[in-house]
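Chemist: Structural data only, the sequence is not supplied:
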């Protein structure tokens, strides 16, 4: 063989070996990558189920279920959470079962039931969980995980989490804790509103708190640090985990504006910038902007906008409001920003904001009625934050070992 062909051929052979290819492509590995590098340790001769959606990819962008099938894992079925396997269903939209070209059925966990069916679990030895969370308690994927863990403990089926980054993990825990009386599918895990944990860490927390008998296995990431935002890792691929979380900045701003889902304000659904802009027909954007600028919020600026939502609240109506522009995400405080927005709107439009008339859903999103009551009674931002910090501090003191990563 001519020498000029020898080196390229050798390089091609090395790249064909998965571990080398991965290490050249990324400075960190997802749980699915680590599992593959291990030779799928723990899945040998096992019947396997998988909870996932189209965001469940490896560092090369390959779907997790195809990786499992191509490597001889006995994958019997898939299950998908809210928004469906293809991540096309809107929030709250019922999702049905579907079939994939590979002959697998994807059973919905956001249709007739949100808990894995016992008959399906009886056909497997281990259930894998591989979903991309975004770091806020009201995002329902961790509620799906809790339901699945409960079902697996009852059925005597092992539960394996293939861990993924919390995309906003440098943001510390913020917001009120979950009041047990306000538990719902948009808030069923008793962690702060912004929890700063990965799904693997939450799984370990849930095992300690509720499911001591479950056979839990967490396949951790490699090269992951909670001090970095996920899109700072070479190899991280942001596949939108739901239709309106379209990029990492939306995931960062979401905790600030999600409460508008339970207010007379459009959170930007049906526009090109959901959650990154908000408005209503009655808002004077210049007046609101002045109110917010006086608060001197760190790491964020506001731009006046006008839009007409194609769906959601105020569909087809001209809305005026603000766009949220993160200028420095390392000092940005999503919960402080969200509280400041609510306090400012309540001050300017107390009869129009509608927190009390939407109170049931608002309290479920917040995990407590305390936030709504403090805003409506015109308590200051600092008073509200102080009350939430007391709860977060108690949680942190009770769970000093909640992290798996530095």
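Modeler: In hand now; what should we look at? Everything numeric in this text was worked out from a predicted model, so none of it was measured.

Chemist: going forward, measure contacts between C-alpha atoms and count neighbours the same way
Modeler: Fine.

Chemist: which residues in this structure form helices?
Modeler: With DSSP state H, the ranges of helices along the chain come out as 3-16, 18-25, 31-37, 64-70, 118-121, 141-155, 199-209, 248-257, 285-293, 334-348, 359-366, 370-376, 381-398.

Chemist: so which of these comes closest to residue 111?
Modeler: Relative to residue 111, the nearest member of those by C-alpha to C-alpha is helix 141-155, separated by 12.1 Å.

Chemist: just checking, what packs against that closest one?
Modeler: With contacts defined as 3 or more C-alpha pairs under 8 Å, 6 or more residues apart in numbering; DSSP states H and E, helix 141-155 has these neighbours: helix 118-121, strand 158-162, helix 199-209.

Chemist: For it, list every residue counted as buried.
Modeler: The neighbour-count criterion (16 or more other C-alpha atoms under 10 Å) identifies 141-153, 155 as the buried residues of helix 141-155.

Chemist: quick revisit: of the helices and strands packed on helix 141-155, flag the one that's most buried.
Modeler: The highest mean neighbour count among these belongs to strand 158-162 (a mean of 24), with neighbours defined as mean count of other C-alpha atoms under 10 Å.

Chemist: so what does it touch, helix or strand wise?
Modeler: Going by 3+ C-alpha pairs under 8 Å, 6+ apart, strand 158-162 lies up against helix 31-37, strand 126-130, helix 141-155, helix 199-209, strand 216-219.

Chemist: ok now the shortest one, how far from the chain's centre?
Modeler: Same thing as strand 216-219. A distance of 19 Å separates the centroid of the chain from that of strand 216-219, by C-alpha atoms, centre = their mean, to the nearest Å.

Chemist: What mean pLDDT does that strand get?
Modeler: Looking at strand 216-219 alone, the average pLDDT works out to 98.

Chemist: Out of the helices and strands packed on strand 158-162, which is closest to residue 235?
Modeler: Each of the helices and strands packed on strand 158-162 was scored for nearness to residue 235 using C-alpha to C-alpha, and the closest is helix 31-37 (10.9 Å).

Chemist: I'd like to know which elements the closest one is packed against.
Modeler: Checked by 3+ C-alpha pairs under 8 Å, 6+ apart, helix 31-37 has helix 18-25, strand 158-162, strand 216-219 packed alongside it.

Chemist: sorry, back to before: okay if I get the helices and strands packed on helix 141-155 as TSV plus mean pLDDT and distance to residue 392?
Modeler: Listed next are the helices and strands packed on helix 141-155 as TSV, based on pLDDT from 0 to 100; distance: least, C-alpha to C-alpha, whole Å:
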stretch	mean pLDDT	distance to residue 392
helix 118-121	98	36
strand 158-162	99	25
helix 199-209	98	15
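
Chemist: With distance to residue 179 added, can I get these in CSV?
Modeler: Compiled in CSV, those are given as follows (distance: least, C-alpha to C-alpha, whole Å):
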stretch, distance to residue 179
helix 118-121, 29
strand 158-162, 26
helix 199-209, 15
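
Chemist: Quick one, which of these gets closest to residue 62.
Modeler: If we rank the helices and strands packed on helix 141-155 by C-alpha to C-alpha, the stretch that ends up nearest is strand 158-162, at 14.7 Å.

Chemist: Residues contacting the closest one, please?
Modeler: By C-alpha atoms under 8 Å, 6 or more residues apart in numbering, the surrounding residues in contact with strand 158-162 are 30-32, 35, 125-130, 149, 152, 199-200, 203, 214-220.

Chemist: partners of that strand in the sheet?
Modeler: Here strand 158-162 is paired, per DSSP bridges, with strand 126-130 (parallel), strand 216-219 (parallel).

Chemist: among the ones you listed, which is the most enclosed?
Modeler: Neighbour counts averaged per stretch over the strands paired with strand 158-162 are highest for strand 126-130, at a mean of 25; criterion: mean count of other C-alpha under 10 Å.

Chemist: quick one, that strand and helix 199-209 angle?
Modeler: Using axes from the mean of the first three to the mean of the last three C-alpha atoms, to 10 degrees, the direction of strand 126-130 lies 130 degrees away from that of helix 199-209.
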